[in-house]
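Novice: Need a 3D model of the following:
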Amino acid sequence: MPTYDYRCEANGQVYEVRHGMTLQPRTWGELRSAGGLPADPAIADETPVTRLLSAAGVVNSRVLKNPEAPACARNGCAGNCR
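Specialist: Model (predicted):
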């Protein structure tokens, strides 16, 4: 499951939660339910949250200590990669 960062508009805190890609929490209550976060009496369930943009990690074959590019990069995937 992917990890997402959300900012609570009530306190400005950023929370990291894991949930399915199709879920789009818009309030603190929805985010708490999706991410299993504990209740906070200082934050109302209807408080808006904003999903923050984060960069995905890219793995380079050099990082893996593999001098050879993946099969798809070498046209070795028999047309199954696009």
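Novice: what sits against residue 42?
Specialist: Contacts of residue 42 were listed using CB atoms under 8 Å, 6 or more residues apart in numbering, and they are 10, 11. For every residue, glycine as well, the C-beta is placed using N, CA and C.
Novice: Likewise for residue 10?
Specialist: Counting by CB under 8 Å, 6+ apart, residue 10 touches 28, 42, 43, 44, 47.
Novice: Same check on residue 18?
Specialist: For residue 18, the set of contacting residues under the criterion of CB under 8 Å, 6+ apart consists of 1, 2, 3, 4, 35.
Novice: that older thread, list buried members of the contacts of residue 10 by neighbour count.
Specialist: Buried residues within the contacts of residue 10, counting neighbours by 16 or more other CB atoms under 10 Å: 28, 43, 47.
Novice: Quick check: residue 27 touching residue 34?
Specialist: No. In terms of CB atoms under 8 Å, residue 27 does not count as a neighbour of residue 34; the distance is 10.5 Å.
Novice: Low-confidence stretches in this protein?
Specialist: Along the chain, the parts satisfying pLDDT under 70 run over 55-82.
Novice: Which parts of it are helices?
Specialist: Under the criterion DSSP state H, helices of the chain are mapped to 28-35.
Novice: returning to what we had before: for the buried ones among the contacts of residue 18, write the corresponding PyMOL selection.
Specialist: PyMOL command restricting those to the buried ones, with burial defined by 16+ other CB under 10 Å:
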select buried, resi 4+35
